[in-house]
Structures are given as structure tokens and as C-alpha cells.
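A.B. asks: next input, structure requested:
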Amino acid sequence: MLSEFQQTLIGIQASASDDCVRILTENGADFAETRDRVRQLRELLNAEAIGVLRQARLVTEQVWQRLASHCPSPEIAASVEGLKQLLSSEQLPALRETQEALMEAGR
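C.D. replies: Numbering: from 1, shown residues only. Predicted structure coming up:
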């Protein structure tokens, strides 16, 4: 999403004024929606959120490997899969909750 938004901005900046108007007229709604999503991500990605993302990656990459060898419950396996999906999404509050629960299970 971010790279696509960046490419759109670069394209608009490099275009002639008539082309800029045409691009924004044709894609204005999508552009505004993406701009709002980028703004929301910027607001969410503070030091605490970045720490949560790091912890979530730790859970899915290292903690899960230790847990998997001890035949964890299907619920834990499903939670790890859910966490992996959340890592690729923009849902930081849900990601935080799942990551904390899995860290507790790994202790």
C-alpha cells in the first residue's frame, strides 16, 4: 500500500498540471482513502506499536518454534496463524492482544 501510494505521488509530481488534474479527478476518491490510511498508520506507529510488532514477529518466528515441538493445542496453533495474518494487516490493537496471549503461553 505504501509503495503504491508513493508511486502515485511521484507520478503526480512528475506530471504536467493538466495531467495532475486528470489523475486526481479520475482517482481522487481512492487517493483520499489511501492518504487517510497512511495518516492512520503514521499515527499508530509510535515506539510502543513498533515494539508490539517486534514482539509479534518474535512470537511467530522463535517462540512458536519452541512451542511447536511440545505439541501445542490447536487453539494456540490457530492463534499463531491469526497473528501471522495480523502482522500483514493494519490491525495493531488485535495484533497486540494476540501477541500478548501467545507470549504468556510460551512462558
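A.B. asks: now residue 9: which helix or strand?
C.D. replies: Following DSSP states H and E, the helix or strand that holds residue 9 is helix 2-14.
A.B. asks: buried stuff in that helix?
C.D. replies: residue 8 (16 or more other Cβ atoms under 10 Å). Glycine gets a C-beta too; all of them are placed from N, C-alpha and C.
A.B. asks: give the other helices and strands that that helix contacts.
C.D. replies: Here helix 2-14 touches helix 17-44, going by 3 or more Cβ pairs under 8 Å, 6 or more residues apart in numbering; DSSP states H and E.
A.B. asks: break the protein down into its structural domains.
C.D. replies: 2-44, 47-105 (automatic domain parsing).
A.B. asks: average pLDDT across the last one?
C.D. replies: The reference is to domain 47-105. Averaging pLDDT along domain 47-105 yields 77.
A.B. asks: check the offset of it from the chain's centre.
C.D. replies: 13 Å (Cα atoms, centre = their mean, to the nearest Å).
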